[in-house]
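In: need the 3D shape of this:
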Amino acid sequence: MMAWFQLWTMGFMALTFSLAVAEESVLPVAEAENGSPAEVVRKESHPVLFRQKREWIWNSYYVEEEKPAPIPYKIGQLKSNQRTEVKRFKIDGEGANSIFTVDHKGDLFVTKSLDREEKSMYHLTARMYDGNSRLIEDSGEFVVQVTDINDNIPVFPKTYNGSIMERSRIGTKVVEVRATDADDPTTANGELRYTLTQAGDRSAFEIDSITAVISARLDSLDRETRSQYVVVVQAQDTRGMASGSTATTSVTITITDANDNIASFTRKVYELQIPEDKKLNERIGTLELEDKDQIQNKDPIFTITPPFNNMFDVERSPNKDGNLMLRQALDYETRSSYSFTVHVRENNLQFPADNKDSAVTKAQVNIKVIDVDEPPVFSKPIYNFNVLEEMMVNNIGIVMARDPDRANKSIRYSIEDKDCPIGINPLTGQLSTSRKLDRELEATHMFQVKAQEEPSGLESFVKVNIIVQDINDNEPELAVDEIYVCENDMAGTVIGMVRATDKDDQLPYFSFYLAKQSANFSLIDNRNNTADIKVKQGSFSLDDPRDYSLEVGINDGGRPPKSSVTRLPIKVCRCDAKRVHTQCKATALRMGVSVHALIAILLCILTILVIVILIVMRKRYQKDSLASMKNSGEIHEQLVTYDEEGGGEMDTNGYDVSILTSARHDGSMLRHPDHHPHPSLYAMVQKPHHHTPPTACKGDMAVMIEVKKDEADHDRDGFPYDTLHIYGYEGPESLAGSLSSLGSSSTGSNLDYDFLNDWGPRFRTLAELYGVDGSECYNPY
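Out: I've put the predicted structure just below:
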């Protein structure tokens, strides 16, 4: 009943508003058509042009949404205050003649069900005609409004989650949860109200029924106790009336962490054992902490009570525990244990700590030092010594190391750099020079000294710097540009300036003088490490064959003083008016050579001469050897160097056979005229000669061979006759067969080779070859 009353009230208000709008809309149209009031009066005086004012009488037209329309139902009537007997109505606009129809009485009908959420208002126009289809009333606009019913439920468009820091104040906003309703928001159907249902946890949070903002209702939220809450939000339309539609959604609320807990040691006493050789600034232990806050909110600060706060320190680890660090070296022999107290406190604490009564903020740390065998320890981290150059120093300084252990082993020192000019006493560590040092070559010598426990124990190294101190051991050197004298230079003219340099490190004070006086030039010392060369008397000419020079002496003024004399050549030049030389006479360049350079040059020359003499002697020896071989004159030597095999007696091209045949006329044809036959090596061991010479069985060739064999046996300067390496066999066509004496009988020879049997098994084969019966007749054919 209440709903129908609301609809009737809204309909009445809309009707009143529509009538007011209709009345107001007529006047501007009339004025627009008439132009002005004067024009209206003028038109009214002419009945033909007079237009009557519209006489539409509007009703309010409202349609309830979702109302079924199996048959069209009437929602109102179009009326006019003009009286006509016959009328006809025509409507145009949104839904005209489809959703909305009108009959001849002006009754307006709806033909189907409407949905306000799709379209809430329809705009139409109406015209009225008489029975003759003459327009009685011009078009007038009217609106059909679709009234809302509660046909939609609330909807939450997304999932809502929120967060709030622990210990937040009451009323702190968490999240706003909004729902939507498709019904008319100007009516109760679209007005929503929000509540938290019992399905969720309502103990810590509440929601505003209109704004849907969830806020904290407690100030004691504790993440460490509970870190998450889930609440259920209900949205209900019709302003929360029981008849309204509802929707619910779950909201997860996370409690974020704050620094509201202080760090606490997990133990009251920490026992640690540390070797004494532990490196500095390294972690030697961890002091574990307990803190319920999240790691980003943990902020512990550690302090160590004196007197060991300089020897040890506590640093915060990445997980916010305490790392115990070693700041000073441990020494078991000095102190074997340490005990101290470590305090911890929380920095930037945001709220009073929950565990302030139960936290352990003080812990005892007991450290036991473990003894280890340590390497030697030097008395200094680095040693620096000064040594004068060019001197042998036996006591430069002492490098000292000790065994830090209680055993106190002896130490042995050494320098591993073999090229180091410094030596060290292996027992005392005393340094000395092994050779003289030269500062100009190397000003500082750096090396390492090794200290090793005996025997073959641990070792350590230390760096040593030897700074070579300078002494005045270098002669000054003349530094000068080209000096020349012009032909027209007068007496007193300064023709150049000389300076001096010194390799020594001492501050020099050079003085200049002439070691040999000159008739033409003088040297003036300026007493500022320079000197001027002046012309004493002139008359110089390019045609003068003489060369000019000065013997300039320099004293460096050091301790001990060093001096030098340098020949300074002076050229004669032809100059212009500005004393710029245009032509100079070439001067002979004279260079002084030191004694060491002279000795080196002489040694090189002597070495070259010896090499040349040896080469000449070797070549001469080779030449004499070749000449002796060529002049030996033996026919068998010619046969040895022959590189081709002969073709026997039929081969007359390989060698001259007449040489062999002519041997019977002169048996010593090929013998050197200066040599006389001597017994050969075989003749010295032969048995007594046979008085009867061997007799050839046939032919002159056999006789010649026997003669040659006999000569070869008695010739101690020649090679044995059986060294015919190539011509051991003359070929198949030769009637002589083999020319080698190895295949011939030894009975024709004056030698008896039976003694070879007494020489052992190594000469057995040779004895068999020469052991021939003497009565056998030798016949090579």
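
In: confirm Ser625 sits in a helix?
Out: Yes. Ser625 sits within a helix when classified using DSSP: H, G, I helix; E, B strand; the rest coil.

In: tally of neighbours for it?
Out: 10 (other CB atoms under 10 Å). To be clear about C-beta, it is placed using only N, CA and C from the backbone, and glycine gets the same treatment.

In: and Ile367, by the same measure?
Out: For Ile367, using other CB under 10 Å, the count is 23.

In: check Leu431 too.
Out: Counted with other CB under 10 Å, the neighbours of Leu431 add up to 25.

In: what's across from it in the sheet?
Out: Counting by DSSP bridges, Leu431 is bridged to Gly397, Ile424.

In: Asn394 is in contact with that one, correct?
Out: No. Leu431 is not in contact with Asn394 according to CB atoms under 8 Å; the separation is 9.3 Å.

In: wait, what's in contact with Lys562?
Out: 472-476, 502, 555-556 (CB atoms under 8 Å, 6 or more residues apart in numbering).

In: distance of it from Asn474?
Out: With distances taken as CB to CB, to the nearest Å, Lys562 is found 7 Å from Asn474.

In: what of Gln583?
Out: The spacing between Gln583 and Asn474, counted by CB to CB, is 39 Å.

In: which of the two has more neighbours?
Out: Here Gln583 and Asn474 are compared on neighbour count by other CB under 10 Å; more neighbours surround Asn474, at 20 against 10.

In: how many neighbouring residues does Lys158 have?
Out: 8.

In: quick one: pLDDT of it?
Out: pLDDT recorded at Lys158 is 92.

In: what of the one 10 residues further on?
Out: As predicted, Ser168 sits at a pLDDT of 92.

In: ok, now Phe308?
Out: Per-residue confidence for Phe308 comes out at a pLDDT of 91.

In: pretty sure it contacts Arg335?
Out: No. Because the distance of 10.1 Å does not satisfy CB under 8 Å, Phe308 is recorded as not touching Arg335.

In: so where do the helices sit in the stretch 451-600 of the chain?
Out: Under the criterion DSSP state H, counting those that start in this stretch, the stretch 451-600 of the chain carries helices at the ranges 595-630.

In: please enumerate the strands of it.
Out: Taking DSSP state E, counting those that start in this stretch to define them, one finds strands in the stretch 451-600 of the chain at 459-469, 477-480, 484-486, 494-501, 511-516, 521-525, 530-535, 548-555, 563-575, 581-584.

In: what's the most buried one of those strands?
Out: With neighbours taken as mean count of other CB atoms under 10 Å, the strands of the stretch 451-600 of the chain reach their highest mean count in strand 484-486, at a mean of 22.

In: please name every helix or strand in contact with it.
Out: Helices and strands touching strand 484-486, as assessed by 3 or more CB pairs under 8 Å, 6 or more residues apart in numbering; DSSP states H and E, comprise strand 494-501, strand 563-575, strand 581-584.

In: who does the first one pair up with?
Out: Read that as strand 494-501. Paired strands of strand 494-501, defined by DSSP bridges, are strand 477-480 (antiparallel), strand 530-535 (antiparallel).

In: now do Glu137 against Gly558, distance only.
Out: 138 Å.

In: same thing with Cys486?
Out: Remark: distance between Cys486 and Gly558 (CB to CB) = 37 Å.

In: give me the number of residues near Leu196?
Out: Taking other CB under 10 Å as the definition, Leu196 ends up with a neighbour count of 20.
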